[in-house]
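>>> task: produce atomic coordinates for the following.
(2 chains)
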Protein chains: 2
Amino acid sequence: MSVTAAQGFLASGVPAGIKESGDRDLALVVNRGPSRAAAGVFTSNRVQAAPVRWSRRVLADQSLAAVVLNSGGANACTGRVGEADTRAMAEATALAVGVAAEEVAVCSTGLIGVTLPMDRVTTGITTAAAGLSADGGEDAAVAIKTTDSVHKTAVASGPGWTVGGMAKGAGMLAPGLATMLVVLTTDADVSGQVLDAALRQAVRTTFDRVDSDGCMSTNDTVLLLASGTSGVTPFPAAFAEAVHAVCHDLARQLIADAEGASKEIEVRITGADSEHDAVTVGRSVARNNLLKCALHGEDPNWGRVLSAIGTTDAVFDPDRLDVAINGVWVCRDGAAGEDREKVDLSGREVTVTVDLRSGEESATIWTNDLTAEYVHENSAYSS
Amino acid sequence: MSVTAAQGFLASGVPAGIKESGDRDLALVVNRGPSRAAAGVFTSNRVQAAPVRWSRRVLADQSLAAVVLNSGGANACTGRVGEADTRAMAEATALAVGVAAEEVAVCSTGLIGVTLPMDRVTTGITTAAAGLSADGGEDAAVAIKTTDSVHKTAVASGPGWTVGGMAKGAGMLAPGLATMLVVLTTDADVSGQVLDAALRQAVRTTFDRVDSDGCMSTNDTVLLLASGTSGVTPFPAAFAEAVHAVCHDLARQLIADAEGASKEIEVRITGADSEHDAVTVGRSVARNNLLKCALHGEDPNWGRVLSAIGTTDAVFDPDRLDVAINGVWVCRDGAAGEDREKVDLSGREVTVTVDLRSGEESATIWTNDLTAEYVHENSAYSS
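Next up is the predicted model:
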C-alpha cells in the first residue's frame, strides 16, 4: 500500500542504473490532489547532504507537489557539484511531472562523498515519471532500499481518510533521527501547520527513539504530504494518532531489519524524574556496546546496564536502581536480585526495563544487539 | 620492573583461587619508605564499586601504605556485602603487612554484580604478604590481568629517582577513565599535593583520552604512591613529566591490547577553537562504530568521519572540514580530496587527522577498530 494507500498520490520505482546491481534505485511520489500541504523533519547532523539542504529550503512554505528519491548514492559531502546535482534532480522531476522545481523535495541515500551519475539519474526520472501509477507505492518502497533486506510500508486509516507511508533504513539508525528516508502521504485535507505538528510529535517518540548503532546520518528525512483528495478534515488529535501509528510501525520495522541484528531490544526506562532523564538513560543503555554483545550472547548481564546508567547525569541513587531483563528483576537496589538463570533470552525480542525510582516519567528506546555480522556488513571487504 | 622499579616498594602476585583458571589473581603493593604520600584518580561513573568508594575515602588524607588488588571479580553492584568485603580486604592486608586498614587502598576487577569468595581472598592476602619482595612487581602486574593478553608495566627516571607502574585493562576502555587499574610508585620524596597535581595532569591527557569502546567502568582506579626512599625531591615539572611519560606508555599499551582489536587508531584533532572542542570531536570520531568497522576493513571511509563530527556542537564549518587518513587528505573542504586509493591501511597503526580549521587547539584520542572478535569476546557464549 505504501505511499499510494492515500488517494491523490501516484508513485513509481525504477532501476536507473545508479546501483551496479541493476536493482530499482529511483522513486517518484507525486501529489495530484487539490491540496499540496506538506511537512518535513530532517537529520540534526550538522554535516548535511545536499538533498537535505534543498528539501529543507523548498519546504519552508509547507507545500510539496512531488518527491524524488534515489538509493545508490547519498550525495553527501559532495560540495558544489552535489548542490547542483540535487537541483538538477528537482528540475528534471518538475519538468517530467509538470510542477515547479521549488515544489519538489529530493532524498538520496547510499555512500557518502561520491557524486551521482547524473545522466542515469535524469533518464531514470523520465522513465519513473512515465510509469507513475496509483499502485506504484510498493515499487517506490523497493527502490529506496540500500542494505535493507525488505521494503517497509505501513498504513493507518480514519473515517474516510488514510495515512500511508514507506521507509528505508537499516544501519546508521540513530539519535536525532534514524538512518532513514521516510515518505508519508495522506488524503486528509489538513493544513501544513497541522501536518507539521503531527509529524514532529510522532517523530519525537518513534524514529527519534530508534538507536541501532548511535551513528547519525547526514541524509535522514521524513516527509508528510497531504493531497486533500478525501475532502475530509479529521480532528487534529485523531490525525496525529494515525500519523504516530504509521511512524511507530515503520520505526519498529527499521529496528527489526537493522544490519546484522539477531535481537530486537526494547529499553524501557520508568520512574524517571523527567522525560529527558528517561531518554538520556535509555540512549546510554541502548548504545552500550558491551551490553549489546552480552544480549547477543543471551547473557543477562545487568552489570553492564548499571555501568551505562552511571555515565549519565540523570537523577537516581545508585543503590536504588532496579533492572529487569525479559521481566525478571535481576537487579534490585543496585545489586543482584532474582536469579539470572530465570531469564529466557532465546527469543528474538528482548526487553530491558530500568526503574530509576526517582519520579513518574518514562520513555522507551529501541535498539538491537551487536553482532559479528554487523561488523562484517560495515567493513569494506565484505560489501 | 613495574611497581618495584622505584626503591622502597615491595610487591607480590599470587593465585588465590578467585579465578577458576588457577592463574595469579591477587596482588599486593607495599610502601616501606619514610614517606607515605599518595594520590588517586577514580572512575567518573556514578555507579561505583565498593573498592572505589573505599579507596577514595582512605585517600582523603593523601597517604597510603599499601594497595591490595584482585582480578576475578569487580565487587561492583554488590550492596552492603560488597562494602563489608572491601573493608575485610583492607583489614586483612593491614594485619598481614603491619599497617592500619585506613592506609590500604583496595582495587578489584572482573565481573560486576558477583560477590568475592572471601575465604580465598583472605587466605590469598596472607600468602601474598609472605611473598612480598623487591622483585615482585612483575608478579603483581600479572595478577591483575583479566582479559589482557599481556601484562603492562612502564618506568621513567630522573636523576636519582624513578617512577614505575603497572596497568591492566583491555575492554571497557572509556571516557572519564579507561578500564583499568593502574598503580604507579616513585621513590622521589614528593608531597601528596605534588603527587595529586602530577597525576591529574597526566591522567587527563593519557588514560582519559583512551576510548576503546565508549563504555565506562565502575572500578577504574589510578594510584600513585611515593616512598621518599631516594631522598631526592625533583622539580615538580620534571616529576610531572616522568609521571606523564609512564601514564602515556601504559595508556598506549592498553589500546594495543584492547579486546579483539586489529588496528590501533590515533584520532588527532587540530585547528579546534578550544581543547574541549578537540576532545569532543575526537571522542565522537573514536566512538563511531561504523568508522571503526570501516577501518577494520581497511576502507578509508572519510564520510563516516564527517558524519561523526557533525553530531557534535564544536565550532566548525561543514564546508571547510579537512580529513586525512594515514597522511592522505582524502577530504578537503568537506568533500572528496586526494584519491582514497592512495591510503595504505594494511598496517596495524592508523592515524585519522581532522583539521577543523576553526582555531589553534588540538587533542588526540586513541581507540581501536571494531571487530568480530570484540563481539565474540563480549558475548557470554564465548567467554
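
>>> from here on, just use CA atoms for contacts and neighbour counts.
OK.

>>> mind listing what the residue of chain A positioned farthest from its centre touches?
Outermost residue of chain A with respect to the C-alpha centroid, by Cα atoms, centre = their mean, is residue A:339; its distance is 37.1 Å. With contacts defined as Cα atoms under 8 Å, 6 or more residues apart in numbering or on different chains, residue A:339 is in contact with residue A:330.

>>> now swap in residue A:187 and tell me
Per Cα under 8 Å, 6+ apart, neighbours of residue A:187: A:6-8, A:33, A:161-163, A:226-231.

>>> and those residues, which of them are in helices?
Members of the contacts of residue A:187 lying in helices (criterion: DSSP state H): none.

>>> could those go into TSV alongside pLDDT, neighbour count and distance to chain B?
Output for the contacts of residue A:187, formatted as TSV (pLDDT from 0 to 100; neighbours: other Cα atoms under 10 Å in any protein chain shown; distance: Cα to the nearest Cα, whole Å):
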residue	pLDDT	neighbour count	distance to chain B
A:6	95	28	35
A:7	96	24	37
A:8	96	22	37
A:33	95	19	37
A:161	95	22	38
A:162	96	21	35
A:163	96	29	32
A:226	96	33	31
A:227	96	27	34
A:228	95	25	37
A:229	96	20	39
A:230	96	20	41
A:231	95	16	42
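
>>> of the residues you listed, closest to residue B:145?
The closest of the contacts of residue A:187 to residue B:145 turns out to be residue A:163 (Cα to Cα; 57.7 Å).

>>> verify the contact between the closest one and residue A:244 for me.
No. Assessed by Cα atoms under 8 Å, residue A:163 is found out of contact with residue A:244, at 9.9 Å.

>>> quick one: strands adjacent to the helix or strand encompassing residue A:330?
Following DSSP states H and E, the helix or strand that holds residue A:330 is strand A:328-332. With DSSP bridges as the test, strand A:328-332 is paired with strand A:322-325 (antiparallel), strand A:335-336 (antiparallel).

>>> wait, what's in contact with the spatially closest residue to residue A:290 that is not a sequence neighbour?
The spatially closest residue to residue A:290, leaving aside those adjacent along the chain, is residue B:378, at 6.3 Å (Cα to Cα, 6 or more residues apart in numbering or on different chains). By Cα under 8 Å, 6+ apart, the contact list for residue B:378 reads A:290, A:293-294, A:297.

>>> buried subset of the residues you listed?
A:290, A:293-294, A:297 (16 or more other Cα atoms under 10 Å in any protein chain shown).

>>> which ones are touching residue A:35?
Going by Cα under 8 Å, 6+ apart, residue A:35 touches A:189, A:226-229.

>>> distance of it from chain B?
36 Å (Cα to the nearest Cα, to the nearest Å).

>>> quick check, that residue in a strand?
No. Counting by DSSP: H, G, I helix; E, B strand; the rest coil, residue A:35 falls outside a strand, being coil.

>>> so which bits of whichever helix in chain A runs longest are buried?
Scanning chain A for the longest helix, with DSSP H as the assignment, gives helix A:236-256. By 16+ other Cα under 10 Å, the buried positions in helix A:236-256 come out as A:239-256.

>>> weakest of the strands paired with strand A:328-332 by average pLDDT?
By mean pLDDT, the lowest-scoring of the strands paired with strand A:328-332 turns out to be strand A:335-336, with a mean of 92.

>>> ok, and what's touching the helix or strand just after it?
Counting by DSSP H and E, the next helix or strand C-terminal to strand A:335-336 is strand A:349-355. For strand A:349-355, contacts defined as Cα under 8 Å, 6+ apart pick out A:263-272, A:321-327.

>>> give the buried subset of the residues you listed as a ChimeraX selection command.
When burial is assessed using 16+ other Cα under 10 Å, the buried subset of these is captured in ChimeraX by this command:
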select /A:263,264,265,266,267,268,269,270,271,272,321,322,323,324,325,326
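
>>> circling back to that earlier point, how near is the residue farthest from the centre of chain A to residue A:349?
20 Å (Cα to Cα, to the nearest Å).

>>> run through the neighbouring helices and strands of the lowest-mean-pLDDT helix or strand in chain A.
Using mean pLDDT, DSSP states H and E, the weakest-scoring helix or strand in chain A turns out to be helix A:372-377, at a mean of 78. Packing partners of helix A:372-377 (3 or more Cα pairs under 8 Å, 6 or more residues apart in numbering or on different chains; DSSP states H and E): helix B:372-377.

>>> quick check: buried residues in the helix it packs on?
B:372-377.

>>> and the residue nearest to residue A:294 when sequence neighbours are not counted, how close does it get to residue B:98?
Spatial nearest neighbour of residue A:294, chain neighbours left out: residue B:379 (4.6 Å); criterion: Cα to Cα, 6+ apart. Applying Cα to Cα, the value for residue B:379 to residue B:98 is 43 Å.

>>> more neighbours: which of these two?
Neighbours were counted for residue B:379 and for residue B:98 using other Cα atoms under 10 Å in any protein chain shown; residue B:379 has more, 23 against 11.

>>> which other residues reach stretch A:222-230?
So stretch A:222-230 is contacted by A:7-9, A:31-42, A:64, A:160-161, A:180-190, A:195, A:199 (Cα under 8 Å, 6+ apart).

>>> which of those residues fall in strands?
Among the contacts of stretch A:222-230, the members falling in strands are A:9, A:31, A:38-42, A:161, A:181-186 (criterion: DSSP state E).

>>> ok, those vs chain B, which is closest?
Ranked by distance to chain B (Cα to the nearest Cα), those are led by residue A:42 at 13.4 Å.

>>> got the contact list for the closest one?
Here residue A:42 is in contact with A:52, A:56, A:177, A:219-222 (criterion: Cα under 8 Å, 6+ apart).

>>> go on, residue A:285?
For residue A:285, the contact set (Cα under 8 Å, 6+ apart) comprises A:267, A:291, A:305, A:308-309.

>>> please redo it, this time with the cut-off set to 10 Å
Residues near residue A:285 by Cα atoms under 10 Å, 6 or more residues apart in numbering or on different chains: A:267-269, A:279, A:291-292, A:304-312, A:352, A:354, A:365, A:367.

>>> and what of residue A:328?
Contacts for residue A:328 (Cα under 10 Å, 6+ apart) come out as A:300, A:337-344, A:351-353.

>>> partner residues bridging it?
As for beta bridges, residue A:328 partners with residue A:325 under DSSP bridges.

>>> related to what we said a few turns ago, so which of the buried residues of helix A:236-256 are also by chain B?
For chain B, no contacts are drawn from the buried residues of helix A:236-256 by Cα under 10 Å from any Cα of the partner chain.
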